[in-house]
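Colleague: Following is a predicted model, sequence given first.
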Amino acid sequence: MTNVLVCIKRVPDVSGEVLLTEDGMSVDARHVGFTVSPHEECAVELATQVADATGGSATVLTLGPSDGVEQLRSALAVGCSSGVLVEADTDRFGPADVAAAIADVVRAREAAGDSVDLVLLGNDAADTGDFQVPVRLAYALDRPVLTNISSCEVDADRVIARGDGPDGTEIFEVPLPAVVAVLEGGVTPRYPSITGRMKAKKAPIDIQTPTVEPRGSGRVRLRVPPPRSGTVEVLGQGADAAPAVVDLLVKIGVVSA
Amino acid sequence: MIIVLVEANADGLTLFSREALTFARALGDRAGHAVQAVVFDEPTDAIRQQLGEQGVALAHHPDDPRLSDYAGASWAAAAVDVVRSSAAEIVLASGTPRGNEILAHIAARLDVRMAANVVQVESTDPLVVTRQVVGGAALEDMRLDDPIAVLSVAGHACDPQAASVAMTTEVATVSPTLDERDLVTRVMQVEQTQAEDTSALTGARVVVGAGRGAGGAEGFTDLLELTELLGGALGVSRVVTSLGWRPHSEQVGQTGSRIAPDLYIPCGISGAIQHWAGCQSAKTILAINTDPEAPMVTRAHYAVIGDLHEVVPAINKELRSRRTG
Ligand SMILES: Cc1cc2nc3c(=O)[nH]c(=O)nc-3n(C[C@H](O)[C@H](O)[C@H](O)COP(=O)(O)OP(=O)(O)OC[C@H]3O[C@@H](n4cnc5c(N)ncnc54)[C@H](O)[C@@H]3O)c2cc1C
């Protein structure tokens, strides 16, 4: 029975140009929706698989604004059974602060008799891309940590994990309790079923206020990089453009004349 | 002192590590710091030669059989020993999966901030770095004012350049203090799998890209032929992998691979910021798309407006006829 805590982050769902708030300190998300990183969608899927396979539970946690309930419900609809919202202003929380706040939740649960055997997170958040919350969380909890993991399963008291390394797929075996940071690519996140959606509506969400005093991220300002200078040269329309394309390939040296 | 953690393969230092060394040298010149390296791999003549070309006079080599199987924690423990003994002010590595992992361990052990994927140094006193956020669609200026600054350098943030004065690199072997607990996360086994395809993609000179416009798993025949004719690799958008048309190892973008080929030919890819994050380092981009307003088209150097299922076979035919003719 493995109890999994999976951590996700509500982020702006920008696909076109990034807009910034007037003070340049955050992404202006007023005109876009919200989502979570594909890495975290895969972490949620793995959490559900481990909970199912071991007869344990999957709890989903987010640290952020109260609207993060939307992302918690999405995870509850695909197999997590309860949620935790740590309500905080993410702009004031640096990665070490986020890790400290999650560690507090884990310790409080364990103190109350609910073991947290495996913590899954996305490898890096889609917006801040800090690449360190999982590792800092592991140090705060004094647990082993793996990052860049594509898939994992629990065998008795160990987690067996796989990830792509420089020489091939690397396999790890780590004793529980442990922290694992997940990358997209090893599992396919399931779609919510109708019963899943119904369950998600009724699933309990525990709302908490963090006690950590945030040190912040060190952000001075955000900027949008200038677009590439120069305009596009259209070589032609449809199949007729083929000779012009091959001329270009020769010109830049990827095809010999 | 700046300590750079470098990675190597059979040919010597990786391109990313040579970039990180060049980045460190520029930072060191501005801030008045010398650059030293930490080499986990056996420091071969080729590696020493490359370090020397990068102006590195001293390389530390943690020598312990327990480090031969990679573990983020144990490699970080060894690096922290070097950082402490050399009184380094800055620790730096390339923003590779291992680079970011080891640096995160180091930052947690030293209880200092870490900046991931830095592309530029804004100021050296205080140290303010510019790094990629939102997959590179935005930049963040971040202050690193702890006694030791930890940062990773984004891939292709600079070109590797030899130092004006080459050095003869001395290798100092160090015996790290390792805790058994740092070894439990070591690699137990390595399987040759799709990781190889990924390195073929990230190292390719030409990448043919395919997105939703491919239309289905069966819509790749002409694209694969073009890839073959150009001796390149196929890269795809997330839509393509999510729909199961192609494996994730071929995905380009924020949650896939970052490529930097001489030529990228995205076909039927709209150019969402998360895809752009993975292909913006391509030297030349030739977009093939039905929509002249697609961001990939407006940001490309060259474009063909049209249905990829007509354009790509025509290019293949032209390539074949010029080859035989
Ligand atoms: C946090 C996060 C991370 C992400 N990571 C990635 C990532 O790593 N990689 C990635 O690619 N995406 C990623 N995405 C998804 C990204 O936002 C886009 O959804 C995706 O890139 C779109 O793929 P596409 O261009 O193939 O599809 P679409 O956006 O649907 O575009 C299809 C394009 O094909 C053109 N087209 C259609 N038919 C034809 C035809 N017959 N011939 C020629 N052109 C045609 C259309 O004009 C259009 O421009 C991520 C998203 C998030 C939120």
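Modeller: Nice, thanks for sending it over.
Colleague: So which residues of chain A form strands?
Modeller: Under the criterion DSSP state E, chain A contains strands at A:3-8, A:11-12, A:34-35, A:57-64, A:82-87, A:118-122, A:145-149, A:151-155, A:158-165, A:168-175, A:178-182, A:205-208, A:219-223, A:233-237.
Colleague: Helices along chain B, start to end?
Modeller: For chain B, applying DSSP state H gives helices covering B:15-31, B:45-53, B:72-85, B:97-110, B:195-203, B:221-229, B:238-242, B:273-279, B:295-299, B:308-324.
Colleague: Quick one: closest of those to residue A:230.
Modeller: Between residue A:230 and those, the shortest gap by C-beta to C-beta is with helix B:295-299, which sits at 9.9 Å. Glycine gets a C-beta too; all of them are placed from N, C-alpha and C.
Colleague: Surely residue B:117 and residue A:129 touch.
Modeller: Yes - applying C-beta atoms under 8 Å as the test, residue B:117 and residue A:129 come out as touching, 6.2 Å apart.
Colleague: Might you enumerate the residues of the stretch 1-150 of chain A proximal to chain B?
Modeller: Listed as neighbours of chain B in the stretch 1-150 of chain A under the rule C-beta under 8 Å from any C-beta of the partner chain: A:14-18, A:20, A:27, A:37-39, A:94-96, A:124, A:126-132, A:134-136, A:138-139, A:144-148.
Colleague: Are any of the residues you listed buried, and if so which?
Modeller: Among these, those buried by neighbour count (16 or more other C-beta atoms under 10 Å in any protein chain shown) are A:14, A:18, A:27, A:37-39, A:94-96, A:124, A:126-132, A:134-136, A:138-139, A:144-148.
Colleague: Deepest in the core, which of the strands of chain A is it.
Modeller: strand A:178-182 (a mean of 30; mean count of other C-beta atoms under 10 Å in any protein chain shown).
Colleague: tilt between that strand and strand A:3-8?
Modeller: Orientation check (axes from the mean of the first three to the mean of the last three C-alpha atoms, to 10 degrees): strand A:178-182 against strand A:3-8 gives 40 degrees.
Colleague: Just the C-alphas of strand A:178-182, formatted as PDB.
Modeller: Only the C-alpha atoms of strand A:178-182 are listed here, as PDB (Å, rounded to 0.1, in the frame of the first residue of the first chain):
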ATOM      1  CA  ALA A 178      11.400   8.800  -1.700                       C
ATOM      2  CA  VAL A 179      10.900  11.800  -4.000                       C
ATOM      3  CA  VAL A 180      10.700  11.400  -7.800                       C
ATOM      4  CA  ALA A 181      10.600  14.200 -10.400                       C
ATOM      5  CA  VAL A 182       8.900  13.200 -13.600                       C
END
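Colleague: Is any residue of that strand near the ligand?
Modeller: No - shown here: strand A:178-182 not in contact with the ligand (C-beta under 6 Å from any ligand atom), separated by at least 13.5 Å.
Colleague: ok and that strand relative to strand A:158-165, angle-wise?
Modeller: Using the same axes, to 10 degrees: strand A:178-182 against strand A:158-165 is 30 degrees.
Colleague: what residues does strand A:178-182 touch?
Modeller: Residues outside strand A:178-182 that contact it (C-beta atoms under 8 Å, 6 or more residues apart in numbering or on different chains): A:39-40, A:42-43, A:46, A:117-123, A:134-135, A:137-138, A:141, A:143-150, A:152, A:159, A:161.
Colleague: Please apply the same query to stretch A:154-166.
Modeller: With C-beta under 8 Å, 6+ apart, stretch A:154-166 has contacts from A:2, A:50, A:53-54, A:117-118, A:146-153, A:169-176, A:178, A:180, A:183, A:185-186, B:7, B:9, B:70, B:97-98, B:187, B:190, B:193-195, B:198-199, B:249.
Colleague: cool, stretch B:227-237 as well?
Modeller: A:249, A:254-255, B:197, B:200-201, B:204-212, B:214, B:220, B:223-224, B:245-246, B:250-253, B:257, B:259, B:261, B:263-264, B:269-270, B:272, B:275, B:278-279, B:316, B:319-320.
Colleague: Which among those count as buried?
Modeller: Here, 16+ other C-beta under 10 Å leaves A:249, A:254-255, B:197, B:201, B:204, B:206-212, B:214, B:220, B:223, B:245-246, B:250-253, B:257, B:259, B:261, B:263-264, B:269-270, B:272, B:275, B:278-279, B:316, B:319 buried among these.
Colleague: Burial check on residue 157, number of neighbours?
Modeller: Going with chain A. 10 (other C-beta atoms under 10 Å in any protein chain shown).
Colleague: if you could check chain B rather than the one you did, that'd help
Modeller: Residue B:157 has 22 nearby residues by other C-beta under 10 Å.
Colleague: show me the contacts for it.
Modeller: Counted by C-beta under 8 Å, 6+ apart, residue B:157 has contacts B:19, B:23, B:118-120.
Colleague: Confirm for me that residue B:317 is in contact with residue A:245.
Modeller: No - at 11.2 Å, residue B:317 does not count as touching residue A:245 under the criterion of C-beta under 8 Å.
Colleague: ok, these two, which is more surrounded?
Modeller: When residue B:317 and residue A:245 are compared on other C-beta under 10 Å, the one with more neighbours turns out to be residue A:245, at 23 against 15.
Colleague: so what's the more buried one closest to, chain neighbours aside?
Modeller: residue B:315 (5.1 Å; C-beta to C-beta, 6 or more residues apart in numbering or on different chains).
Colleague: and the gap between the one you found and the ligand?
Modeller: 13 Å (C-beta to the nearest ligand atom, to the nearest Å).
Colleague: Hmm, that residue is touching residue B:226, no?
Modeller: Yes - between residue B:315 and residue B:226 there is a contact under C-beta under 8 Å: 6.2 Å.
Colleague: Strands along the stretch 101-250 of chain B, start to end?
Modeller: Taking DSSP state E, counting those that start in this stretch, the strands of the stretch 101-250 of chain B run over residues B:114-124, B:127-133, B:138-143, B:149-153, B:170-174, B:189-191, B:206-210, B:233-236.
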